[in-house]
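Participant: This is a predicted model, with the sequence first.
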Amino acid sequence: MLFTKSYVTSSRLAADQLGQRDALRTAGNLQENNHKQMLKALGFEVNTGLIPQDVYQEFDNSTVELMRSDQGDVFLNDLLPLSRAVNIGKLTYVTRRASDAGQTQTSMSGQIGVKMDQVEYNYDGTVVPIHDTGFFRNWRELEAQKSEGFDSLIDDQRESVISLRKHLADTFMNGCNDRDGNAIVLDGKQWLGMKTDTRVVQVANSLFDFSLITGTAADNKANLITVLNNLWITNNCTADVTIYVSREIARNWERDFNTNYNQGKISEELAGLQGVASIKTSSWLSGNQLMMFPLNGSVRPVSGMGISTMALPRPLYNSNHEFITATAVGWMVDNDYAGNSCALNYD
């Protein structure tokens with residue numbers, strides 16, 4: 001979803017999105033330059049300050065640096081490289097699921113007639129909504145701050161990206177909802193979030209409290225295996241999953257697994273279980289919450305437009321400097337024809 005070199009070079013659609021963003025920025029720059037020349041022709045003095053290209057360069061650098069913080073970034077940063085680019089005109093994203101086929105039989109003669117069968121298909125999908133926010137500065141305020149190198153705009157843009165990324169984390173966990181809090185549904189497609197969506201295996205966390213230090217290390221291991229079996233056995237998920245846990249659980253799992261000899265921490269023992277790729281901590285989760293899924297693309301963002309900042313036209317000399325930070329992102333969790341999933345939420 002972020003315009004990185006690998007994202008752009010690996011997808012023609014992503015490259016087209018980048019070109020459209022740059023065209024919008026160029027149009028904004030030309031409008032500003034034409035406005036300045038018009039005022040000069042009328043005899044007005046015009047402050048120059050930094051050219052917009054320099055400001056955009058600062059915007060892009062600030063955005064990359066902010067990817068390292070944790071406001072949902074732990075799982076967002078894992079999912080971003082798995083993003084599937086689609087055309088911005090695609091309001092929904094649809095996948096096709098195939099059934100098994102073949103009715104085998106055994107006989108001595110081989111003359112009892114072959115039972116014919118074929119693969120059947122059904123379809124699943126999600127919505128790809130637009131998420132946006134904005135910021136502005138009064139035109140005279142910016143003129144007064146020209147010696148500061150547009151620092152106020154850079155700070156405003158940084159905070160707008162933080163807010164947008166927090167919102168994306170929220171849509172991943174709680175679904176894509178409109179401003180009234182209702183789930184966005186188009187052509188029967190929707191995403192209700194990791195906590196609710198039926199494509200995610202939902203396990204009630206009343207099974208065991210992994211955040212309490214009163215639970216023994218052996219109890220933590222046995223009950224985590226029970227949770228994992230919902231994917232590995234019940235849903236036939238053979239992919240190794242990454243487990244995301246709350247800070248409370250992570251702190252509890254720092255205890256020694258065995259107090260009699262050095263067997264390592266509880267977290268180290270659990271990370272070695274079959275079917276576990278790694279265990280990570282996310283501040284987006286709290287208390288006795290955890291979730292798990294493989295980082296193989298079966299859980300992924302669907303991106304119609306990468307996160308970007310664009311300026312709005314200023315029709316008058318005293319118009320405010322206004323900017324929009326926007327992206328078009330949906331979320332998809334693959335299920336097979338039988339409804340099996342590799343994503344689990346423990347809440």
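Facilitator: Noted; the coordinates are in hand.

Participant: Determine how far the helix or strand Leu18 falls within lies from the middle of the whole chain.
Facilitator: Secondary structure assignment for Leu18, by DSSP states H and E: helix 12-41. Counting by C-alpha atoms, centre = their mean, to the nearest Å, helix 12-41 is centred 29 Å from the centre of its parent chain.

Participant: and Arg199, how far is that from Ala183?
Facilitator: Distance, Arg199 to Ala183, using C-beta to C-beta, to the nearest Å: 14 Å. Quick note: C-beta positions are derived from backbone N, CA and C, even for glycine.

Participant: The helix holding Leu18 - what's its average pLDDT?
Facilitator: For helix 12-41, the mean per-residue pLDDT is 74.

Participant: In it, which residues are buried?
Facilitator: Judged by neighbour count using 16 or more other C-beta atoms under 10 Å, the buried positions of helix 12-41 are 13-14, 17-18, 21, 25, 28, 31-32, 35.

Participant: how about Gly110, what does it touch?
Facilitator: For Gly110, no contacting residues are found, by C-beta atoms under 8 Å, 6 or more residues apart in numbering.

Participant: which phi and psi does it have?
Facilitator: Dihedral angles phi and psi of Gly110 (degrees, to the nearest 10) take the values phi 70, psi 20.

Participant: now do Ala144
Facilitator: phi -70, psi -30.

Participant: ok, then the element right after whatever helix or strand Phe172 lives in?
Facilitator: Assessed by DSSP H and E, Phe172 sits inside helix 151-174. Where DSSP H and E defines the elements, the next helix or strand beyond helix 151-174 is strand 201-203.

Participant: Please state the offset of that following strand from the chain centre?
Facilitator: Here strand 201-203 is found 20 Å from its chain centre; the criterion is C-alpha atoms, centre = their mean.

Participant: Could you identify the helix or strand that succeeds that strand?
Facilitator: helix 217-229.

Participant: ok so Thr133 is a helix residue?
Facilitator: No - counting by DSSP: H, G, I helix; E, B strand; the rest coil, Thr133 is located in no helix; its state is strand.

Participant: how deep is it tucked in, by neighbour count?
Facilitator: 17 (other C-beta atoms under 10 Å).

Participant: do the same with Glu268
Facilitator: Applying other C-beta under 10 Å, I find that Glu268 has 14 neighbouring residues.

Participant: residues in contact with it?
Facilitator: Taking C-beta under 8 Å, 6+ apart, we find Glu268 in contact with Phe257.

Participant: got it, and Val245?
Facilitator: 210, 253, 279-282, 285, 289-290.

Participant: Narrow the residues you listed to just the buried residues.
Facilitator: 210, 253, 279, 281-282, 285, 289-290.

Participant: now the spatially most central residue of the chain, nearest residue through space, not along the chain?
Facilitator: Nearest to the geometric centre of the chain sits Leu76, at 4.6 Å (C-alpha atoms, centre = their mean). Spatial nearest neighbour of Leu76, chain neighbours left out: Ala169 (5.8 Å); criterion: C-beta to C-beta, 6 or more residues apart in numbering.
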